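Peer 1: pasting the sequence and the predicted model now:
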Amino acid sequence: MIGPIPRHFLALAAALLAAPAMAAAQLPGVDIGATVGAALPQGGFSDAAKTGLIVNGLVGVRLAGILGFRGEILWSRSDLDNPLVREAGGSVPAPSGDVSGRVDLVGGIANIVISPPTPTVQPYLIAGAGLYRRRVAQNVSGAAQEVQEITATDSDLGVNGGLGVRFSLGGFAAFVEARYHTVQTESERTNFIPIAVGFAF
């Protein structure tokens, strides 16, 4: 009859069984994926823009340690409910009726990702910088004719940072994340927080 199995033997067996999964989590690799979520305007941007849609395409590079890199193409659209574009003199046109229009953001971003080499659930930190192109199409009904319809486009540098959780499922991964973006647009920065879910393979 086999007696009780020593505890140290059980611990060793568990370590050996877990080793392949841990090693796999630390292997270098390339991820291709996408995210979709809500873009929440912040600061002065929230006075003019509503919560919008954001979509990212991404390519990630996982290194053997805790460090990785992610390149992204970002697209976001938010509707306006107050004037955003200013007149030549620097003032915002005062509406006597409705305000309509939208803000489109397109960006190319390079990020650093830091995450522990856990096998299944990986919390991570992400931060980076890139170039953002903002296009505003604004209509202020009842304002002076010269500021009633305004379209403005500019390109500016921006930075972002946040955190997320990645769930590894074999050759497929799902994740959820929240980040803070700030873009150095003229007169006032464009700040927003995307809360998104995504996948990578």
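Peer 2: Looks like it came in fine.
Peer 1: helix, strand or coil: sort out T118 for me.
Peer 2: coil (DSSP: H, G, I helix; E, B strand; the rest coil).
Peer 1: flag the shaky bits of the protein, pLDDT-wise.
Peer 2: 1-27, 86-97, 142-147 (pLDDT under 70).
Peer 1: how about 80 then?
Peer 2: Applying pLDDT under 80 to the chain flags residues 1-28, 86-97, 141-148.
Peer 1: hey, where'd the helices end up in it?
Peer 2: Along the chain, the segments classed as helices by DSSP state H run 7-26, 45-48, 145-148.
Peer 1: tally of neighbours for A64?
Peer 2: Neighbour count for A64, taken as other CB atoms under 10 Å: 12. Using the backbone N, CA and C atoms, a C-beta is placed for each residue, glycine as well.
Peer 1: er, V85 I mean
Peer 2: 19.
Peer 1: ok, it - contacts?
Peer 2: Counting by CB atoms under 8 Å, 6 or more residues apart in numbering, V85 makes contact with V92, V136, Q138, I150, A152.
Peer 1: list just the nearest of these to L67.
Peer 2: The closest of those to L67 turns out to be V136 (CB to CB; 37.1 Å).
Peer 1: and the closest one, what does it touch?
Peer 2: L80, L84, V85, G101, R102, V103, I150, T151, A152, T153.
Peer 1: hang on, the earlier thing: using TSV, lay out the contacts of V85 together with distance to G170.
Peer 2: As requested, those are arranged in TSV below (distance: CB to CB, whole Å):
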residue	distance to G170
V92	52
V136	44
Q138	47
I150	51
A152	47
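Peer 1: which among the residues you listed gets closest to S187?
Peer 2: Nearest member of the contacts of V85 to S187, counting by CB to CB, is V92, at 9.6 Å.
Peer 1: OK, contacts around A178?
Peer 2: Counting by CB under 8 Å, 6+ apart, A178 has contacts G162, L163, G164, I193, P194, I195, A196.
Peer 1: can you get me a residue count around the fifth one?
Peer 2: Other residues lying near P194 total 24 when counted by other CB under 10 Å.
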